[in-house]
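Peer 1: Fold the following and give me the result.
(chains A and B)
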Amino acid sequence: MTSEPMSPAESSPAEFTPVARQQVLVLYLANSALDSHVVGWSLYDGTGRTSPTTGDSDEPPYESGVAALRDGWRLIQAAQLIPPYPGHEYDVSFLKHEFFFEQIVDMTAERP
Amino acid sequence: MPSVAVMEKRHELLSSVQMARFVAHGSLRLDAVVPAEMNAEGLAVLADGVSPVPYGTPVSEAYAADSFVRRLLELPRVAGALRSLVGQQPTVDHHFVHVRDPHGGDAQPLHGDAVIDVRPDAFDVQLMYYPQAVTLEMGGTLSVPGSHLRRINESDTGRYQNLRGQSRLVCPAGTVVFLHHGLWHAGRRNDSDTVRYMFKIRFNPTVRQQRLWDTSDLNDPQVTRELDVMFPWYEPATGRLERYNRVLLWRALTGDDSFDIDYWVTRVSNRPQEAAV
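Peer 2: Have a look, this model is predicted:
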């Protein structure tokens, strides 16, 4: 009896499907330009390797949005510029310049 | 018969510079203001729990004259700060003993307490008492200086994990911190081997909050410098609006409608009505 390797089409889909997980970085910048400096940050880790949380660091991971791009993060969302509501021009509320980035991590090697 | 001065409990009012700092930062910190023997007693009291009182109970009815909490509130610097911020007879909104088990629980999301509260000329304060020394690993309260005037509702800010210039409380035993009701804060995760206690009381004013502190230094130039401070997490443009709003609050607290910093409010209020001749 001969034993030949199965082609991908014959094998189970799970065996060859890459296991991809998303890591999300949120940067709050000093103004609407992506190269302005970071004033706040959050991290969410879909790999489960780390558990970032409230108040876990005093130092930002990057100095600007562009610095994150240069390190391989992909920008997936930027806050719109919305004019103030009439009568509320002097109100202060949420941080305005919010940028979402992602990295896709291949965890195939860690598949149980 | 004892004099009025003797009958009245001793208190040390805040100065105008300290009040201006509170208006800018949204908090006032009194390090190790509670003596060691009281902290030992306080730890036991908090471990046993403090029974709730109905909302709006006067301090004198909420806590018996010889109780630990009453003696805490009558420490001269604590009593003076409370009186400077919310007046002589505030009521107790509520109180709560916060306990963080070793290596247990998650950090709270960044939040403001209660619901969105945009009163322009009144504020509540929250007293936070730490009976033991708090290390970074113990997960002392996170707070964000200068966030108290932001119009947000409770934990809608939960997405923000870290902001530049945030305060992760590390303090000696017996520290008391007063927070403006709007200040963003969160209990951090306790990564130490020690149970952490914090006792919080929210106070509501019952009088107009105007010139309740020692105003003898009202014209000290340091008052304006305190009100003008910027924080590292502010976007520069919004930081200007923060100062605009602080000017309005300082006007309400002093009754001086002409007060301004760098013309921020005066400039955009200037609408001459007199016709040109």
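Peer 1: B:Ala107 and chain A: what is the separation?
Peer 2: Separation of B:Ala107 from chain A (Cβ to the nearest Cβ, to the nearest Å) stands at 4 Å. In short, each C-beta sits where N, CA and C put it, glycine included.
Peer 1: In contact with that residue, which residues?
Peer 2: Residues counted as contacts of B:Ala107 (Cβ atoms under 8 Å, 6 or more residues apart in numbering or on different chains) are A:53-56, B:139, B:142, B:186-189.
Peer 1: at 6 Å what do you get?
Peer 2: Counting by Cβ atoms under 6 Å, 6 or more residues apart in numbering or on different chains, B:Ala107 touches A:53-54, B:188-189.
Peer 1: same deal with B:Asp220?
Peer 2: B:Asp220 sits in contact with B:Val17, where contact means Cβ under 6 Å, 6+ apart.
Peer 1: And it, how far from B:Ile152?
Peer 2: 32 Å (Cβ to Cβ, to the nearest Å).
Peer 1: Which positions are bridged to the residue nearest the centre of chain A in the beta structure?
Peer 2: Among the residues of chain A, the one closest to the centroid is A:Val24, at 2.2 Å (Cα atoms, centre = their mean). When assigned by DSSP bridges, A:Val24 has beta-bridge partners A:Tyr44, A:Glu102.
Peer 1: In this structure it contacts A:Leu43, no?
Peer 2: No. In this structure, A:Val24 is not within contact of A:Leu43 by Cβ atoms under 6 Å, at 7.2 Å.
Peer 1: residue contacts, A:Gln22?
Peer 2: Taking Cβ under 6 Å, 6+ apart, one finds A:46, A:102 in contact with A:Gln22.
Peer 1: On the three-state scheme, it is what?
Peer 2: Secondary structure, DSSP: H, G, I helix; E, B strand; the rest coil: A:Gln22 is strand.
Peer 1: Which parts of the chain are helices?
Peer 2: In the absence of a named chain, chain A is used. Along chain A, counting by DSSP state H, helices occupy A:13-16, A:65-70.
Peer 1: Chain B, not that one
Peer 2: Going by DSSP H, chain B shows helices at B:4-7, B:16-25, B:36-48, B:59-62, B:68-73, B:76-86, B:221-227, B:236-254, B:264-269.
Peer 1: Give me whichever of these is most buried.
Peer 2: Most buried of the helices of chain B, by mean neighbour count (mean count of other Cβ atoms under 10 Å in any protein chain shown): helix B:16-25, with a mean of 23.
Peer 1: That helix and chain A, any residue contact?
Peer 2: No. Helix B:16-25 does not reach chain A (Cβ under 6 Å from any Cβ of the partner chain); its nearest approach is 13.3 Å.
Peer 1: angle of that helix against helix B:236-254?
Peer 2: Interaxial angle of helix B:16-25 relative to helix B:236-254 (axes from the mean of the first three to the mean of the last three Cα atoms, to 10 degrees): 140 degrees.
Peer 1: Check what contacts helix B:16-25 and list those residues.
Peer 2: By Cβ under 6 Å, 6+ apart, the list of residues contacting helix B:16-25 from outside reads B:28, B:145, B:213, B:215, B:217-218, B:220, B:222-223, B:226-227, B:229, B:246, B:249-250.
Peer 1: Recalculate using a threshold of 8 Å.
Peer 2: Taking Cβ under 8 Å, 6+ apart as the rule, helix B:16-25 contacts B:14, B:28, B:84-85, B:145-146, B:178, B:180, B:213-218, B:220, B:222-224, B:226-229, B:246, B:249-250, B:253.
Peer 1: what's the angle from that helix to helix B:76-86?
Peer 2: 60 degrees.
Peer 1: re earlier: the helices of chain A: lowest mean pLDDT?
Peer 2: Set side by side, those give their lowest mean pLDDT on helix A:13-16, at a mean of 60.
Peer 1: residue boundaries of the strands in the chain?
Peer 2: Assuming you mean chain A. Taking DSSP state E, the strands of chain A run over residues A:20-29, A:38-45, A:74-78, A:98-106.
Peer 1: that's the wrong chain, I wanted chain B
Peer 2: Using DSSP E, strands in chain B cover B:27-30, B:57-58, B:91-100, B:125-130, B:142-143, B:162-163, B:167-168, B:175-180, B:185-186, B:196-204.
Peer 1: tell me what the fourth one is packed against?
Peer 2: Packing contacts for strand B:125-130, counted by 3 or more Cβ pairs under 8 Å, 6 or more residues apart in numbering or on different chains; DSSP states H and E, involve helix B:76-86, strand B:175-180, strand B:196-204.
Peer 1: let's see it at 7 Å
Peer 2: strand B:175-180, strand B:196-204 (3 or more Cβ pairs under 7 Å, 6 or more residues apart in numbering or on different chains; DSSP states H and E).
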